[in-house]
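Asker: Give me coordinates for this.
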Amino acid sequence: MRCPYCRHSDSRVVDSREAEDGLIIRRRRSCQSCGKRFTTVEESVLAVVKRSGVTEPFSRDKVVTGVRKALQGRPVDDDAVAVLAQKVEDAIRSRGAAEVPSHEVGLAILEPLRDLDVVAYLRFASVYRAFESLSDFEREIALLRAEAEGAAVAQAVHVDAGEPAAHDVGPPDEESGGEPRVPAAREA
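Answerer: As a prediction, this is how the structure comes out:
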C-alpha cells in the first residue's frame, strides 16, 4: 500500500478492526519511510452480472429503488425497506460467490418482499417473472392463497393441541402481576 504522504510503497499494519458486521476491515498503517500513519478500508466486492454480460458492483440502492416502485402507495415505512435490502444483500453474500447473476438478485428479493407486503410482491413478481396475462396473476394469487391456508391450518393445529395462538394472548393482567393473559388450554 502506498503512503498517501510520501508515496513510498512499503507500509506496516499497526491495527486491524472489523466494521459493519464484518463486511469491512479498517487497517491502521504506518509508513516505513516517513513514519506517518494512515487508515485503509477493505471491502469485498460483490459483482452482479447482467443479462447483457456486463458486470457491475452490487448496489443496495438499486434494490431499494426497485422495491419502492413495487411498494408505491403501500403503507410500508423506509426502515422496513432498508431491512429488506439488507436481507437481500446478506442472502446474496452468504452464497460465497464474487459474481452473482442479476436474476438471482431478483429471486433474493421475492421472499422477503412477500413477507413484507403481498400486493407489492405481486407487482414485483409480475415484472420480474414477465407476467403476460391475467392467468399469470391468477396462478400466483392461487399459490399465495394456498400458502396462507397452509399457515392457517398449522396455527389451528397448535390451538387444538392446547397451545395458545399469538392472537389469543391478551394484555397484561393486573391480578397476575402484569403477566400477559393466556386462555386456559381446552379439555380434549
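Asker: all helices for the chain, in order.
Answerer: With DSSP state H as the criterion, the chain has helices at 60-71, 78-93, 102-116, 118-128, 134-160.
Asker: Just send the ones you listed back as CSV, with mean neighbour count and distance to Asp15 too.
Answerer: (Glycine included, C-beta is placed from N, CA and C.) Shown next, in CSV, are the helices of the chain (neighbours: other C-beta atoms under 10 Å; distance: least, C-beta to C-beta, whole Å):
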stretch, mean neighbour count, distance to Asp15
helix 60-71, 17, 28
helix 78-93, 16, 25
helix 102-116, 18, 35
helix 118-128, 18, 44
helix 134-160, 11, 49
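Asker: nearest to Cys31, of those?
Answerer: helix 78-93 (32.9 Å; C-beta to C-beta).
Asker: other SSEs contacting the closest one?
Answerer: Here helix 78-93 is seen to pack against helix 60-71, helix 102-116 when contacts are counted using 3 or more C-beta pairs under 8 Å, 6 or more residues apart in numbering; DSSP states H and E.
Asker: Give me the domain ranges for this protein.
Answerer: The record's domain parsing of the chain by automatic domain parsing lists 11-43, 47-130.
Asker: Would you mind giving those domains as CSV with distance to Glu138 and mean pLDDT added?
Answerer: As requested, the domains of the chain are exported to CSV (distance: least, C-beta to C-beta, whole Å; pLDDT from 0 to 100):
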stretch, distance to Glu138, mean pLDDT
domain 11-43, 41, 87
domain 47-130, 11, 90
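Asker: Adding distance to Leu144, write those out as CSV.
Answerer: Compiled in CSV, those are given as follows (distance: least, C-beta to C-beta, whole Å):
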stretch, distance to Leu144
domain 11-43, 32
domain 47-130, 6
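Asker: Great, nothing more from me.
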